[in-house]
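*Asks:* can you look at this prediction? I've put the sequence above it.
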Amino acid sequence: MVEIIIANTKNHYSQIAKLADVIWREHYIPIVGKQQIDYMLSKYQSAIAIEEQVANGFEYFLMTFDKTPVGYISVKKEVESLFLSKIYILSVYRGKKIGKAAMAFIEEKAEDYELKSIRLTVNINNTNSIKAYEKLGFANIGPLVTDIGNGFVMDDYQMVKTI
Ligand SMILES: CC(C)(COP(=O)(O)OP(=O)(O)OC[C@H]1O[C@@H](n2cnc3c(N)ncnc32)[C@H](O)[C@@H]1OP(=O)(O)O)[C@@H](O)C(=O)NCCC(=O)NCCS
């Protein structure tokens, strides 16, 4: 059974940092390379970085399957949209509708905040996730390049789901 719990303790942030380390290395090194992933993990997904993001309005949630941590979500309320900053599931647990359950949870959150849409960014070469987002009702509204420092950029598409 899938459970989605709010992450609000140092122990939760450590568990998420561990999941990020596994998932990002496995998934993104072939897409953007090891140097950029080392940089992004330490800048955005250390336990301390996550705690700072939570202090600045990001909400993190840990996903478990039969009590085992299998993934995590992060969202941020914006003026018009709920920004889906992160949704990551361990590779062996993908394709089992855990992402779909997560998206239903995120939609409920957007509705609670009386927001009309969910937006996200996804690497232009993250083909499988783009396909999953399309199946989950998101539309690609075009490219978005973001400078993240140290000579790295995030080369993304922006996708939106109206709810
Ligand atoms: C993207 C991700 C969160 C989706 O979660 P998931 O649990 O694998 O997806 P689900 O099993 O819930 O599938 C959701 C829908 O997408 C479809 N889907 C999932 N992967 C797909 C793929 N590779 N190709 C086509 N459709 C796909 C499913 O068929 C399902 O649609 P349906 O209900 O109409 O049948 C997950 O695959 C993941 O963590 N990927 C790697 C990390 C990543 O890139 N995260 C996003 C960063 S922007």
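*Replies:* Nice, thanks for sending it over.
*Asks:* for stretch 60-72, buried residues please.
*Replies:* Neighbour-count burial for stretch 60-72 flags 60-65, 69-72 (criterion: 16 or more other Cβ atoms under 10 Å). Just so you know, the C-beta spots here come from the backbone N, C-alpha and C atoms, and that holds for glycine as well.
*Asks:* quick one: buried residues of stretch 93-107?
*Replies:* 94, 98-99, 101-103, 106-107.
*Asks:* quickly find the element holding the residue in the chain that the ligand sits nearest to.
*Replies:* Nearest to the ligand in the chain, going by Cβ to the nearest ligand atom, is residue 99, at a distance of 2.1 Å. Using DSSP states H and E, residue 99 sits within helix 98-112.
*Asks:* helices or strands up against the following helix or strand past that helix?
*Replies:* The helix or strand immediately downstream of helix 98-112 is strand 117-123, counting by DSSP H and E. Packed against strand 117-123 by the contact rule (3 or more Cβ pairs under 8 Å, 6 or more residues apart in numbering; DSSP states H and E) you find helix 10-32, strand 81-89, helix 98-112, helix 127-135, strand 152-162.
*Asks:* please identify the most buried of these.
*Replies:* Most buried of the helices and strands packed on strand 117-123, by mean neighbour count (mean count of other Cβ atoms under 10 Å): strand 81-89, with a mean of 22.
*Asks:* tell me the strands beside it, with direction?
*Replies:* Under the criterion DSSP bridges, strand 81-89 sits next to strand 68-77 (antiparallel), strand 117-123 (parallel) in its sheet.
*Asks:* got the CA positions of that strand in CSV?
*Replies:* The C-alpha trace of strand 81-89 is given here as CSV (Å, rounded to 0.1, in the frame of the first residue of the first chain):
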residue,chain,number,x,y,z
SER,A,81,-0.2,27.5,-9.7
LEU,A,82,1.1,24.7,-7.5
PHE,A,83,4.7,24.2,-8.6
LEU,A,84,5.6,20.5,-8.6
SER,A,85,9.3,20.9,-7.9
LYS,A,86,10.1,17.2,-7.4
ILE,A,87,8.6,13.8,-8.0
TYR,A,88,11.0,10.9,-7.8
ILE,A,89,10.4,7.2,-7.4
